[in-house]
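Chemist: Got a predicted structure plus its sequence, pasted below:
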Amino acid sequence: MSHSTSIRTLLSGYFPELTEDQLQKYERMGELYQEWNQKINVISRKDMEQLGVHHILHSLGIAKVVRFPEHTAVLDVGTGGGLPGLPLAVMFPEVKFHLVDSIGKKIHVVQEIARELHLLNVTATHTRAEQVREKYDFVVSRAVTRLANFWPWVMNSFKKTGLEEEGLYYLKGGDLEEEIAESGLITQVYDLQDYFTEEFFQTKKVVYVPLKK
Ligand SMILES: C[S@@+](CC[C@H](N)C(=O)[O-])C[C@H]1O[C@@H](n2cnc3c(N)ncnc32)[C@H](O)[C@@H]1O
């Protein structure tokens, strides 16, 4: 089975509401990652065979725990090659996504993939999280740093409009008790194994940090 076929089958099974246009974008995204990763390493090369599950579907774990309302704005901090931001931007075309990373060549890959997929709702900027000045309804991230380090970078980046689901959605793996305790934050932890059956998700979570009202 080709990578494209498997990405389509995988995603349409878990997200039956995806349109033909969205499924085609995910298939093309898979091809573009294959191509770009040979030039610039944005995804661990040994993981490329599992691109659909380990990267695209994992990113979409956030879409299982929150549906971003239309016309809201999302910041993806330390996006690397565009994860989780690019898969989420295909899922939510009426939401604006700003993807940032401190490494310029990774942002170049994100810009190229977004351009090729005609993702008009994506901007990508080479900057450090601490330097972002705009405000957002949501922050997303995967695999950047411990919550205790991360939260101070983004805690002032929220619009604070009172939106019910406003906050940070952080993809994390493993035992998080100590990390959450160290951060002193109130969190809600969602197990991705409740949504996806692949073994990969047995240890994967989405940590939601709501804004204090
Ligand atoms: C392990 S990679 C994860 C990339 C992507 N989120 C993913 O899951 O594939 C961590 C990324 O965070 C970026 N990063 C680390 N500290 C950062 C900061 N303060 N501001 C912006 N990006 C940062 C790094 O450049 C790197 O690309």
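Modeler: Structure received. Numbering: from 1, shown residues only.
Chemist: Could you use CA atoms for every contact and neighbour count after this?
Modeler: Will do.
Chemist: Stretch 110-121: how far from the chain's middle?
Modeler: 15 Å (C-alpha atoms, centre = their mean, to the nearest Å).
Chemist: can you offset everything so residue one is 118?
Modeler: Noted, 118 is the first residue going forward, which turns the last one into stretch 227-238.
Chemist: can you pull the buried residues of it?
Modeler: Of all the residues in stretch 227-238, those buried under the rule 16 or more other C-alpha atoms under 10 Å are 227-228, 230-231, 234, 236, 238.
Chemist: For it, the averaged confidence score.
Modeler: What stretch 227-238 shows for mean pLDDT is 98.
Chemist: Show the end-to-end separation of that stretch, please.
Modeler: From its first residue to its last, stretch 227-238 covers 13 Å (C-alpha to C-alpha, to the nearest Å).
Chemist: And stretch 298-307, by the same measure?
Modeler: Using C-alpha to C-alpha, the end-to-end distance of stretch 298-307 comes out at 16 Å.
Chemist: circling back: which among the buried residues of stretch 227-238 gets closest to K181?
Modeler: Each of these was scored against K181 by C-alpha to C-alpha, and N238 proved nearest at 20.3 Å.
Chemist: show me what contacts the closest one?
Modeler: Contacts were defined as C-alpha atoms under 8 Å, 6 or more residues apart in numbering; by that measure N238 touches 206, 210-214.
Chemist: Highest neighbour count among those?
Modeler: Neighbour count (other C-alpha atoms under 10 Å) singles out F214 as the most crowded of the contacts of N238, with 27 neighbours.
Chemist: partners of that residue in the sheet?
Modeler: Residues found in beta-bridge contact with F214 (criterion: DSSP bridges) are V191, V239.
Chemist: can you tell me how far it sits from H235?
Modeler: With C-alpha to C-alpha as the criterion, F214 and H235 are 13 Å apart.
Chemist: go on, Y312?
Modeler: When distance is defined by C-alpha to C-alpha, Y312 is 29 Å away from H235.
Chemist: top helix in this protein by residue count?
Modeler: As far as residue count goes, and with DSSP state H defining each element, the longest helix of the chain is helix 137-156.
Chemist: Now do that helix: which elements does it pack against?
Modeler: Here helix 137-156 is seen to pack against helix 120-131, helix 202-208, helix 221-233 when contacts are counted using 3 or more C-alpha pairs under 8 Å, 6 or more residues apart in numbering; DSSP states H and E.
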